[in-house]
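A.B. asks: Need a 3D model of the sequence below.
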Amino acid sequence: MTSQLFIPAPLNRHRNPEWINSNDRDHWATRNRKTKKWRNTTHWLARAAKLPKNLDHVTITGHVNKTNTAAYDAHNLMPTLKAIVDGLVDYGLIPDDHNKYLTGPDIRPGNRQEQAGITITFTA
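C.D. replies: Next comes the predicted model:
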């Protein structure tokens, strides 16, 4: 079974996507606020999509979808994908995000879209 879910990037007050980038040197409180937004958004979107729960094992791939064609390093957004995986665990897709239940997540560049975000593909 393979499923996809698009997680739109939360926007800041300037309407810019709030990526969690490993190159950022944000204050811990700022980083935690961003992480919480991504994690909670993922949890609620998984619930709305009625994704399955309590799977034995999944493989997750995330495709980063940006609104422009500027060059970027997809792997720098791994902290964003980590927050998404944590949101899926909170939802109950898998019991935990350690190796027994999860392969990946792998992060890759996606396509230019009107809305920034990450499309996750998981295979059970």
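
A.B. asks: would residue 46 count as being in a strand?
C.D. replies: No: Residue 46 is assigned helix when assessed by DSSP: H, G, I helix; E, B strand; the rest coil, not a strand.

A.B. asks: Tell me the buried residues in the helix or strand where residue 40 lies?
C.D. replies: Using DSSP states H and E, residue 40 sits within helix 28-48. Applying a neighbour-count criterion of 16 or more other C-beta atoms under 10 Å, the buried positions in helix 28-48 are 31, 34, 35, 37, 38, 39, 41, 42, 43, 45, 46. Just so you know, the C-beta spots here come from the backbone N, C-alpha and C atoms, and that holds for glycine as well.

A.B. asks: where do the strands sit along the protein?
C.D. replies: According to DSSP state E, the chain carries its strands in the segments 2-8, 58-65, 102-109, 117-123.

A.B. asks: among those strands, which is nearest residue 78?
C.D. replies: For the strands of the chain, the distance to residue 78 is smallest for strand 102-109, at 5.7 Å, taking C-beta to C-beta.

A.B. asks: any idea of the mean pLDDT in the closest one?
C.D. replies: Averaging pLDDT along strand 102-109 yields 95.

A.B. asks: now that strand against strand 117-123, angle please.
C.D. replies: 140 degrees (axes from the mean of the first three to the mean of the last three C-alpha atoms, to 10 degrees).

A.B. asks: Name the residues that touch strand 102-109?
C.D. replies: Strand 102-109 is contacted by residues 57-64, 72, 74-75, 77-78, 81-82, 84-85, 94, 96, 120 when judged by C-beta atoms under 8 Å, 6 or more residues apart in numbering.

A.B. asks: repeat that for 6 Å
C.D. replies: 59, 60, 61, 62, 63, 64, 74, 75, 78, 81, 85 (C-beta atoms under 6 Å, 6 or more residues apart in numbering).
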